[in-house]
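S.K.: Structure of the sequence below:
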Amino acid sequence: MQKSEENSIKKEKFLTPREAAEYLGIHINTLARWRYLKTSSLPYVKMETVIKYRLSDIEDFINRSVVHNEATPKEK
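M.R.: The predicted model follows:
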């Protein structure tokens, strides 16, 4: 691992599943279900039995989840 990669990992903010769920405004069991069923594109880090979420991944997940509704003109 290069020195710059090592420094960026040390600066990265990691959240517990409870903190991540709170940040996202969802129940902690929802995150557990997403992990178990592999139904979410939200990445997580698993170190042995410890699960962590990178704050940058959560923010990217939110940005990817934005839906832009385009107004369609009503027909007359």
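S.K.: what number of residues lie near Lys52?
M.R.: 17 (other CB atoms under 10 Å). Bear in mind the C-beta positions are built from the backbone N, C-alpha and C, glycine included.
S.K.: so when I look at it, I'm seeing a strand, right?
M.R.: Yes. Assessed by DSSP: H, G, I helix; E, B strand; the rest coil, Lys52 belongs to a strand.
S.K.: The chain: helices as residue ranges?
M.R.: Taking DSSP state H as the criterion, the chain contains helices spanning 3-11, 17-24, 28-37, 55-64.
S.K.: Including distance to Thr49, mean neighbour count and mean pLDDT, could these go into TSV?
M.R.: Formatted as TSV, these follow (distance: least, CB to CB, whole Å; neighbours: other CB atoms under 10 Å; pLDDT from 0 to 100):
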stretch	distance to Thr49	mean neighbour count	mean pLDDT
helix 3-11	20	9	63
helix 17-24	12	16	98
helix 28-37	13	13	97
helix 55-64	20	14	96
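S.K.: which one of the ones you listed lies closest to Pro43?
M.R.: Set against Pro43 and scored by CB to CB, the helices of the chain come closest in helix 55-64, at 4.8 Å.
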